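[1] 3D, please:
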Amino acid sequence: MTGPRKAYPTIGVCGLDCGLCPRYYTLGKSRCPGCCGPDFFNKHPSCSFITCGVKTRKLEVCGECPEFPCAKFKPPEEYQVLGSSSYPPYRKVLPNLYFIKAQGIARFVEQQKKRRRLLRGMLANFDDGRSRSFYCRATALLDPLGLASALSEAKRKAGRAKIPPDDAKGRARVLRELLNERARREGIELK
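    Residues are numbered from 1 along each chain as shown. Okay, the predicted model is just below:
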C-alpha cells in the first residue's frame with residue numbers, strides 16, 4: 001500500500017518531530033520511516049491529520065493551513081499532560097506548529113536538524129541499549145545549547161574518569177546524570 005509522500009517525513013503533519021522518536025532509530029522491520037516516509041502506509045494506519053493535511057490539502061504540516069489550529073487539536077493544556085513512556089513530547093506539538101506558521105517549515109527543519117545531530121552523537125557515543133528513549137525525550141524537550149553543553153561535558157567526564165568506549169553503561173550513566181541535571185534546571189521531567 002502506498003500513499004502520499006512528504007518532503008520532510010521527519011516532521012509529522014501533526015507537529016511531532018518524528019526524527020526525535022526512538023522508533024525512528026530502531027533497526028529492522030519495526031523502524032518507523034517518519035510521517036508519510038518510505039513504506040509508512042504499510043506500517044501505520046493513516047490518521048486524521050494525514051488525511052486532512054497531506055492527502056486533502058497537500059500540506060507538509062498543519063501549521064501551513066489557514067485554518068490552523070482547528071478542532072482536530074486538543075486544548076493546549078491537554079498536550080502538557082499527554083505522553084507515553086517512550087515518546088512524551090506531545091507538549092511540543094502546538095509550539096512546533098506555531099513556530100512553523102510564523103517562521104516557515106524550512107527554518108523549523110534546520111532547527112530540528114541540530115537536535116537530531118545531537119541525538120545521533122548521544123546514540124553513537126553513549127548508548128547502553130537502554131537509553132535511546134531517554135535521549136530522544138531529552139533531545140526533544142531540552143534547549144539545544146544545553147544539550148550540546150551536556151554532550152561535550154559527558155565526553156570530557158568520561159575521558160577524565162577513563163571510562164573506555166566499550167563501557168556503554170558507564171558512559172550512559174555520565175550523560176544521563178548531566179541531562180537530568182540540565183532538565184531540573186529547565187523545570188522539565190525526563191524520567
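[2] Spatially, and excluding backbone neighbours, which residue is closest to residue 35.
    Nearest residue to residue 35, sequence neighbours excluded (C-beta to C-beta, 6 or more residues apart in numbering): residue 12, at 4.2 Å. C-beta coordinates here come from the backbone N, C-alpha and C atoms, glycine included.
[3] Residue 32 is in contact with that neighbour, correct?
    No. The criterion here is C-beta atoms under 8 Å, and residue 12 misses it with residue 32 at 10.4 Å.
[4] neighbour-wise, which of those two wins?
    Set residue 12 next to residue 32 and count neighbours by other C-beta atoms under 10 Å: residue 12 wins out with 25 against 18.
[5] got the phi/psi numbers for that one?
    phi -70, psi 140 (degrees, to the nearest 10).
[6] and what of residue 189?
    Per degrees, to the nearest 10, the backbone of residue 189 is at phi -100, psi 120.
[7] ok, and the closest non-adjacent residue to residue 130?
    Closest to residue 130 by C-beta to C-beta, 6+ apart is residue 172, at 7.5 Å.
[8] pull the helix or strand with minimum mean pLDDT from the protein.
    helix 76-81 (a mean of 63; mean pLDDT, DSSP states H and E).
[9] sorry, back to before: now for the residue nearest to residue 130, how many residues are close by?
    Residue 172, neighbours per other C-beta under 10 Å, totals 23.
[10] now what about whichever strand or helix holds it, what contacts it?
    If you go by DSSP states H and E, residue 172 is part of helix 168-186. Identification of contacts with helix 168-186 by C-beta atoms under 8 Å, 6 or more residues apart in numbering yields 122, 125-131, 134-135, 138, 141-143, 146-147, 149-151, 153-154, 157-158, 161, 163, 165, 189-190.
[11] hmm, 10 Å instead?
    With contact meaning C-beta atoms under 10 Å, 6 or more residues apart in numbering, helix 168-186 is reached by 121-122, 125-131, 134-135, 137-139, 141-143, 146-147, 149-158, 160-165, 167, 188-191.
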